[in-house]
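In: Below: sequence and its predicted model.
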Amino acid sequence: MKRWLPHPLLTPVLAIVWLLLNNSLALGQILLGLLLGWAIPCFTLAFWPERVRFYSPRAALRFAAVFLYDVVIANIAVARLILAGPRVLRPCFVNVPLDLTDDLAISLLANTICLTPGTVSARLSADRRTLLVHALDCADPEALVAEIKQRFEVPLKEMLEC
């Protein structure tokens, strides 16, 4: 079974993402989405050193909802900042201490930060305990660190680490 369906959760997720990207529920798009959702995990199996395990699907849903909400809100905030001009920007770098130990969880956190407008993951320390994050506008660096840890790191830890 693992050989024919190596990542059973990834297959429907990829199919849904395909349908969302194409903004279509046509039968051809559904079939192509399912085909891609099956083929991509099969052809990339050699790049997955271990099987991804979700310990809390509820945390995964909460993480996805929070991430989508933050992307929408951050887009609006960045648009306002751009329209206000560069005089109002308060850029800063902050070090986010990590409680995550799983490589996938750390990678997802760094990518989540990059995909949220106004923030970018700049560097992961050699010991994998600190993530350097750049914020386009940050009045309180400690609040930014607390927000990243609470909104993103905690659900990722629940979802991917025991």
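Out: That came through fine.
In: Secondary structure class of Leu34, three-state.
Out: Using DSSP: H, G, I helix; E, B strand; the rest coil, the structure places Leu34 in helix.
In: pLDDT weak spots in the protein?
Out: The model of the chain has pLDDT under 70 over residues 1-3, 162.
In: Break down it into its strands, ranges please.
Out: With DSSP state E as the criterion, the chain has strands at 92-97, 119-124, 130-135.
In: Can you name the residues bridging to the residue lying closest to Ala110 once chain neighbours are set aside?
Out: Computed as CB to CB, 6 or more residues apart in numbering, the closest residue to Ala110 that is not its neighbour in sequence is Ser121, at 4.0 Å. Using the backbone N, CA and C atoms, a C-beta is placed for each residue, glycine as well. For Ser121, the beta-bridge partners under DSSP bridges are Val133.
In: residue contacts, Ser121?
Out: Taking CB atoms under 8 Å, 6 or more residues apart in numbering, we find Ser121 in contact with Leu109, Ala110, Asn111, Ile113, Cys114, Leu131, Leu132, Val133.
In: Leu132 and Thr116, how far apart?
Out: 16 Å (CB to CB, to the nearest Å).
In: more crowded one of those two?
Out: For Leu132 versus Thr116, neighbours defined as other CB atoms under 10 Å are more numerous around Thr116 (20 against 14).
In: coming back round to it: filter the contacts of Ser121 down to the buried ones.
Out: Leu109, Ala110, Ile113, Leu131, Val133 (16 or more other CB atoms under 10 Å).
In: Would you format those residues as a markdown table with distance to Ala139 included?
Out: A markdown table is the format used below for these (distance: CB to CB, whole Å):
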| residue | distance to Ala139 |
| --- | --- |
| Leu109 | 23 |
| Ala110 | 23 |
| Ile113 | 18 |
| Leu131 | 20 |
| Val133 | 15 |
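In: ok so, going back, got the contacts of Ser121 as CSV, with distance to Glu153 columns?
Out: Compiled in CSV, those are given as follows (distance: CB to CB, whole Å):
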residue, distance to Glu153
Leu109, 6
Ala110, 11
Asn111, 13
Ile113, 10
Cys114, 15
Leu131, 9
Leu132, 15
Val133, 12
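In: Quick check: the farthest pair among those residues?
Out: Asn111 and Leu132 (14.8 Å; CB to CB).
In: can you list the domains in this structure?
Out: For the chain, the structural domains run 10-47, 57-160, going by automatic domain parsing.
In: Skipping adjacent residues, who's closest to the residue nearest the centre of the chain in space?
Out: Most central in the chain under CA atoms, centre = their mean is Thr112, positioned 3.3 Å from the mean C-alpha point. Closest residue in space to Thr112, ignoring its immediate chain neighbours: Phe152 at 5.3 Å, by CB to CB, 6+ apart.
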